[in-house]
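Q: I'd like to go over a predicted model; first the sequence, then the structure.
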Protein chains: 2
Amino acid sequence: MIGIITPMFEFEIVATDVRTGARVGRFHTPHGILHTPIFAPVGTQATVKALRPVDLQKLGAELILSNTYHLYLRPGDDLIRELGGLHRFMGWNGPILTDSGGFQLFSLSNSRKIDDEGVTFRSHIDGSQHRFTPEKSISIQENLGADIIMAFDECPPPDDYNYVKESLLRTHDWAIRCRQAQKQDYQALFGIVQGGVFPDLREESARFLMDLDFPGYAIGGLSVGESKAEMYAMLDVLNPILPKEKPRYLMGVGTAEDLVNGVLRGIDIFDCVLPTRLARHGAAMIKGGRLNLNNARFARDPLPLDETCICYTCLHFNRAYLRHLVKANEILGHVLLTNHNIHFLISLMKDIRQAIVARTFGSFADDFLSYYPEPSSLAV
Amino acid sequence: MIGIITPMFEFEIVATDVRTGARVGRFHTPHGILHTPIFAPVGTQATVKALRPVDLQKLGAELILSNTYHLYLRPGDDLIRELGGLHRFMGWNGPILTDSGGFQLFSLSNSRKIDDEGVTFRSHIDGSQHRFTPEKSISIQENLGADIIMAFDECPPPDDYNYVKESLLRTHDWAIRCRQAQKQDYQALFGIVQGGVFPDLREESARFLMDLDFPGYAIGGLSVGESKAEMYAMLDVLNPILPKEKPRYLMGVGTAEDLVNGVLRGIDIFDCVLPTRLARHGAAMIKGGRLNLNNARFARDPLPLDETCICYTCLHFNRAYLRHLVKANEILGHVLLTNHNIHFLISLMKDIRQAIVARTFGSFADDFLSYYPEPSSLAV
């Protein structure tokens, strides 16, 4: 046993779906309780793009993700610490989760060079050189002060067995160093299970990290180009292995059908930029797919995005108006579509929780997934 | 007497400052009462950039301006009419004012050609050719359905006496044609006084339009490059001439000091893109000037934009965070700065109304204008 103990982070399991293992829980954090399964909107640069904190509260958001890599580069974690930490800086008093920066180093920065000690990279903003180590990532995340923080990991291409196996040794070594580096007991440090699309490596990674007794486990390196079948297969591998009494977080996922499929496989926490990113591209999420408002067929459409939706956008505006905003590149278009898309995913998670408690989640999932192209064959 | 009568548009004068003629009024419209003097945020493309209608309501906005030229080109006034009119289209149930398109034809469109019948021009969006006449402008404004609509006018360069004089004949002829073209009694058609920076032409224009007995009078062609002294001089010419029992609207103005100086000279209605435009450039309006958040001195500034301000932005965020949003080009920066800037001007108008009622407007204006570079010499 290494690292500090974080007794504040109780995870109560309220109900479990016996057939699938899907569960409803309450994860306690210093800034409030997360009702799981939960979807966390992403606020990369200390803002969920286009929404104010009060809007997120009204939407029922309970957890916000923010990105360590971005905030380290701009405005700087020292500045945020000086101004009272990330919660105060961005005016969000609910729970926050920060990632470790690992994923961004491999997807965003230039000229990165990995060694066993850490990663040297150039900023995507100004090309300046920087270095992250496990200790540095934890130090930054302590400056930011999120409730849930992540171990620093390497996020390798998922389908190169030998590279993923070698990378896993490094990620596991870094997980130990992160566990040792953590100084604050008001932050829950999650380990990140890697292992690409390979069942044996995923299992090895889970068992290694479980020995370190993290207060929660993330599943990383998925939704990065592999097929949905491969992603679901990895979750099926991990579902019976990961400890039931700890929350499980599937990083960077995602679509509505992936959320349902993730919960079917025991996932408690999700995050994704999809609802905010789609909004900026003029697309609205609806059950079964998306409405692309750039399409001319919406030009005179007097219907709301979704006739059954009770979000502010759907109660007040029709598709023709929203399309006009998108075509005219008006900020309000981003605001209203983001509002709708986040409402869509948060409402979905609420429906999922209610169905699990009501012991109807199996039929709920079957029905929901029937609206999507690749449904039941992949469901448990 | 030509044109229809619009009995819905009662203008009650509640209080008058005897020294300056500044007055507090209630202008009744089909969508609600305007408390004058009033500032109208501009929603060029059927949206006040970055704000939702509910945000505008909370800010105390009572009147929104929208642009006939823009909405005619995109999405089209016929489409807006088909979808129930501009109020329903944009989800704003309060009063709306539309301009005539005249100003935009002379500032935005390409290859315009003026003749005595109208203006032929090319769209700034796609270069397509269009033609506005007085009758066409009224027809578009009837399709949009605003509460207050404007006569179609020419907006000439303000300092070429011979051209302005010639242009005035055309604008006056067009005013008659607009008055004759109007079909709806639930829209108040305002005449627009032109005349550049020339007192005799301004007086001539006012007297000509007063003979047409419009329910209100706009003052156009100012704040287009002339000096503040020239603008105030024109208002001083018109203040004793225009009928006291009709509302007066100074188009496209403006800055906080111009609002105070306008009220000092009998103006009841103002509109300007300044608060929304400054916000998009990272600037906050405060008494005495602006804060440019691009300036590095705000990087670690823990103060709100204005310590005395009670807007959502100032109650929840500091300058360092807002600067971070501006530097990172985050939509939320536009949203929060727009919210503050519009709150600033709307609060100013509320303070002005209260001071007029309390018979303290003279000292209020003296004090307020003392924060600005060119104060008392220009005040009445």
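A: That came through fine.
Q: those residues of chain A touching chain B, which are they?
A: For chain A, the residues in contact with chain B (Cβ under 8 Å from any Cβ of the partner chain) are A:45-47, A:49-54, A:74-75, A:79, A:82-83, A:89-91, A:299-300, A:302, A:312, A:316-318, A:320-321, A:323-325, A:327-328, A:330-332, A:334-336. Bear in mind the C-beta positions are built from the backbone N, C-alpha and C, glycine included.
Q: rerun at 6 Å
A: Proximity of chain A to chain B, by Cβ under 6 Å from any Cβ of the partner chain, involves residues A:45, A:47, A:49-50, A:75, A:79, A:83, A:89, A:91, A:300, A:302, A:316-317, A:320-321, A:324, A:328, A:330-332, A:334.
Q: ok, of those, which come out buried?
A: Buried subset of these (neighbour count, 16 or more other Cβ atoms under 10 Å in any protein chain shown): A:45, A:47, A:49-50, A:75, A:79, A:83, A:89, A:91, A:300, A:316-317, A:320-321, A:324, A:328, A:330-332, A:334.
Q: just the ones of those in helices?
A: A:Leu79, A:Phe89, A:His316, A:Ala320, A:Tyr321, A:His324, A:Ile331, A:Leu332, A:His334 (DSSP state H).
Q: output these as JSON lines; include the columns pLDDT.
A: Shown next, in JSON lines, are those (pLDDT from 0 to 100):
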{"residue": "A:Leu79", "pLDDT": "98"}
{"residue": "A:Phe89", "pLDDT": "98"}
{"residue": "A:His316", "pLDDT": "98"}
{"residue": "A:Ala320", "pLDDT": "98"}
{"residue": "A:Tyr321", "pLDDT": "98"}
{"residue": "A:His324", "pLDDT": "98"}
{"residue": "A:Ile331", "pLDDT": "98"}
{"residue": "A:Leu332", "pLDDT": "98"}
{"residue": "A:His334", "pLDDT": "98"}
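Q: next, find the distance separating A:Ala181 from B:Tyr232.
A: 66 Å (Cβ to Cβ, to the nearest Å).
Q: how about the helices in the stretch 251-380 of chain A?
A: Here the stretch 251-380 of chain A has its helices, by DSSP state H, counting those that start in this stretch, at A:256-264, A:274-280, A:312-316, A:319-327, A:331-357, A:361-369.
Q: can you find the helix or strand in chain A with the smallest mean pLDDT?
A: The helix or strand of chain A with the poorest confidence is strand A:110-114; it has a mean of 85 (mean pLDDT, DSSP states H and E).
Q: tell me what it is packed against?
A: If you count contacts as 3 or more Cβ pairs under 6 Å, 6 or more residues apart in numbering or on different chains; DSSP states H and E, strand A:110-114 packs onto strand A:119-122.
Q: tell me the helix or strand right after the strand it packs on.
A: Next along the chain after strand A:119-122, taking DSSP states H and E as the criterion, comes strand A:129-132.
Q: can you list the strands that that following strand pairs with?
A: Applying DSSP bridges, strand A:129-132 is found paired with strand A:119-122 (antiparallel).
Q: now the strand it pairs with - C-alpha only, CSV.
A: What follows is strand A:119-122 as a C-alpha-only set of coordinates in CSV (Å, rounded to 0.1, in the frame of the first residue of the first chain):
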residue,chain,number,x,y,z
VAL,A,119,7.5,13.5,-21.9
THR,A,120,9.1,16.5,-23.4
PHE,A,121,6.9,18.4,-25.8
ARG,A,122,6.2,21.7,-27.5
